[in-house]
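Peer 1: I'd like to go over a predicted model; first the sequence, then the structure.
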Amino acid sequence: MTAVLIDAVSWAFIATGSALVVTGALGLVRMPDFYTRMHPAGVTDTLGADLVLVGMMCQAGLSLVTVKLFLIGAFLFFTSPTSTHAIANAAHVAGLKPGFAEVPKRRPRGTEPGEGER
Amino acid sequence: MFTVTAAAVLAAMVLALVRLYAGPTLYDRVLAANSFGTKTVLLIAVIGFLTDRPDFLDISLLYALINFIGTIAVLKFFRYRTLGDAVDQPGDHQ
């Protein structure tokens, strides 16, 4: 009974973490601007990675493996936001302005966006 | 289940590579590389569980350390164009 419960909890953690990792990477590709891309990259990486690690901790039980997983998780928990902040600070200091990377061009009157264009 | 997780992390790594290739600015590329490194840590840990070899976690921990230091080093290099003492630049003496 307890084993089944722990299994279910750990699979829930791992599934949520995997979904967060994938959606974060999708946001990294789809977001329009550097400062908006930072959000999916930094936030979902921290939470997604830690959720997957917590799920694996539940699978491993109490052993040295759990300690190592905890160390990886704690390290990621502190360094991932730190490096995201460092990248943002470096971009800001270098003069990168917030704003869309590509401003959509004005179309001549009467022409509709074709297929495959956005 | 771990197979699904590994596949998800691999797909995320491919998406990060797309941003790494397409990123218009340097900082997009650094961000994508950092995200790729975090996913590498995850992938190594998951593969360790998948193949029942928990020794992989040591490698994973090492990757986590190197990833952070590497990101900071790349940012520092592109700001000061040197990895040495950034304060002591030519023409900076009083």
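Peer 2: Alright, I've got the coordinates.
Peer 1: Look at the closest residue to A:Gly73 other than its chain neighbours and tell me its secondary structure.
Peer 2: Nearest residue to A:Gly73, sequence neighbours excluded (C-beta to C-beta, 6 or more residues apart in numbering or on different chains): A:Leu53, at 4.2 Å. (Glycine included, C-beta is placed from N, CA and C.) With DSSP: H, G, I helix; E, B strand; the rest coil as the basis, A:Leu53 sits in helix.
Peer 1: residue in chain A nearest to chain B?
Peer 2: With C-beta to the nearest C-beta, the shortest gap between chain A and chain B falls at A:Ala25, namely 3.6 Å.
Peer 1: pLDDT score for that residue?
Peer 2: Looking at A:Ala25, its pLDDT stands at 91.
Peer 1: Could you report the neighbour count for it?
Peer 2: Using other C-beta atoms under 10 Å in any protein chain shown, A:Ala25 has 30 other residues around it.
Peer 1: A:Leu51 now?
Peer 2: Neighbour tally, A:Leu51, other C-beta under 10 Å: 22.
Peer 1: Quick check: it touching A:Leu20?
Peer 2: Yes. If you go by C-beta atoms under 8 Å, A:Leu51 and A:Leu20 touch, sitting 6.5 Å apart.
Peer 1: Can you show me the helices along chain B?
Peer 2: For chain B, the helices defined by DSSP state H occupy B:2-22, B:26-50, B:56-80.
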